[in-house]
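Trainee: what's the 3D shape of this:
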Amino acid sequence: MCGFEFDMQFSWIPMPPVDGIKRKTLAEPVATPTHLGCCLATSKRNFEKLGMYDPKLEIWGCENLELSFKAWMCGGRMEVIPCSHIAHMFKHHGSYKWVGRPYILERNCFRVAEVWMDQYKVFYHHRLSDFQ
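Mentor: I've put the predicted structure just below:
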């Protein structure tokens, strides 16, 4: 499953075992709190209903949490589909202009915390001693 801590970074957490009640087989979907940024399947209609990605997020970073928070707060859910097959193609070189733009990831995560985490944003703020 996917998760995160208050550093706003994606992390893997173990899948719950098959218990015969919530999960009868290893192939059944598992509810998850977030998704890995490069691995998401949704309909265009649903993506638009959620407001797509925040246009104030730069380049990449923390968009997976932002979309996850939107889904939860709009009555949706996220699932890991254990038997799915996913490919991710990595580029050999960076295609983004990072020069002169420090702390993009931190700024994105700060924005997501400010917009979506209400009183819990302080837990992320405490992790940002070098950024503010």
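Trainee: in this structure, which spans are helices?
Mentor: In the chain, helices defined by DSSP state H lie at 44-49, 63-73, 104-116, 121-125, listed in chain order.
Trainee: and the second one, average pLDDT?
Mentor: When you say that, I think you mean helix 63-73. Averaged across helix 63-73, the pLDDT comes to 89.
Trainee: now for that helix, which elements pack on it?
Mentor: The elements that helix 63-73 packs onto, with contact taken as 3 or more C-beta pairs under 8 Å, 6 or more residues apart in numbering; DSSP states H and E, are helix 104-116. C-beta coordinates here come from the backbone N, C-alpha and C atoms, glycine included.
Trainee: and for the third one?
Mentor: Packing partners of helix 104-116 (3+ C-beta pairs under 8 Å, 6+ apart): helix 63-73, helix 121-125.
Trainee: roughly how far apart are Trp12 and Lys44?
Mentor: For Trp12, the distance to Lys44 (C-beta to C-beta, to the nearest Å) stands at 28 Å.
Trainee: one step back: closest one to Glu5 among the helices and strands packed on helix 104-116?
Mentor: Minimum separation from Glu5 across these (C-beta to C-beta) falls at helix 121-125, 9.1 Å.
Trainee: quick check: buried residues in that closest one?
Mentor: 121, 124 (16 or more other C-beta atoms under 10 Å).
Trainee: quick one: distance of that helix to the chain centre.
Mentor: On the basis of C-alpha atoms, centre = their mean, to the nearest Å, the separation between the geometric centre of helix 121-125 and that of its chain is 17 Å.
Trainee: cool, and stretch 3-20?
Mentor: Averaged over its C-alpha atoms, stretch 3-20 has a centre that lies 12 Å from its chain's centre (C-alpha atoms, centre = their mean).
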